[in-house]
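Visitor: when you get a sec, could you give me coordinates for this:
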Amino acid sequence: MFKVTPNPPDTDPIPYDAALEPQNIKEATERAINFYLNPSALKTSKPTRKTGKIYLIDPTVDDETLLVEAYESLASASVMLCDFAGMLEGPHRQTLLGIAQVVMLGELAVNQALEHVAGVPSP
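Guide: Coordinates of the predicted model:
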């Protein structure tokens, strides 16, 4: 009788999984053992966390540029909130208008700081 299955069968290579690194497996094992056998160890140990580096601001950017970007972002948020509030009625509209006012106050504060950095005398 003829055998259709190849010998050995063709298989895809095993994909890489960072969770299967020896250090990660060791840490997971220690956490599991401490969870069941030594619960007080979990309260004192802190997991190591890396800070996210997705959004970074170049540290060489000057203060004036940062303030201009913050001012423009707040101005855009204020416009979006007012436009959205125009579509609503009642308490939801009042809430959005209150948020828009807080954003506008932040915009004014950033604008004042921008004038200080630029050296513009205040009236």
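Visitor: after the helix or strand bottoming out on mean pLDDT in the chain comes which helix or strand?
Guide: In the chain, no helix or strand scores lower on mean pLDDT, DSSP states H and E than helix 39-44, which sits at a mean of 63. Using DSSP states H and E, the helix or strand that directly follows helix 39-44 along the chain is helix 63-85.
Visitor: roughly how far is that next one from the heart of the chain?
Guide: 19 Å (CA atoms, centre = their mean, to the nearest Å).
Visitor: how about it: buried residues?
Guide: 66-68, 70-71, 74, 77-78, 81-82, 85 (16 or more other CB atoms under 10 Å). Backbone N, C-alpha and C define where each C-beta goes, glycine included.
Visitor: tell me the buried residues in the very next helix or strand once past it?
Guide: Tracing the chain past helix 63-85, the next element assigned as helix or strand by DSSP H and E is helix 91-118. By neighbour count on 16+ other CB under 10 Å, the buried set for helix 91-118 is 96, 99-100, 103-104, 106-107, 110-111, 113-114.
Visitor: pLDDT and distance to residue 29 added to the buried residues of helix 63-85, as TSV?
Guide: Formatted as TSV, these follow (pLDDT from 0 to 100; distance: CB to CB, whole Å):
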residue	pLDDT	distance to residue 29
66	91	45
67	92	50
68	92	51
70	93	46
71	92	51
74	94	49
77	94	47
78	93	52
81	93	50
82	91	55
85	91	54
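Visitor: now the residues you listed in CSV, with distance to residue 18?
Guide: Putting these into CSV (distance: CB to CB, whole Å) gives the following:
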residue, distance to residue 18
66, 35
67, 40
68, 40
70, 36
71, 41
74, 39
77, 37
78, 42
81, 41
82, 45
85, 45
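Visitor: which members of the residues you listed are the farthest-apart pair?
Guide: Greatest spatial distance among the buried residues of helix 63-85 (CB to CB): 66 and 85, at 28.5 Å.
Visitor: point out where this structure drops to low pLDDT.
Guide: 1-15, 19, 39, 41-51, 122-123 (pLDDT under 70).
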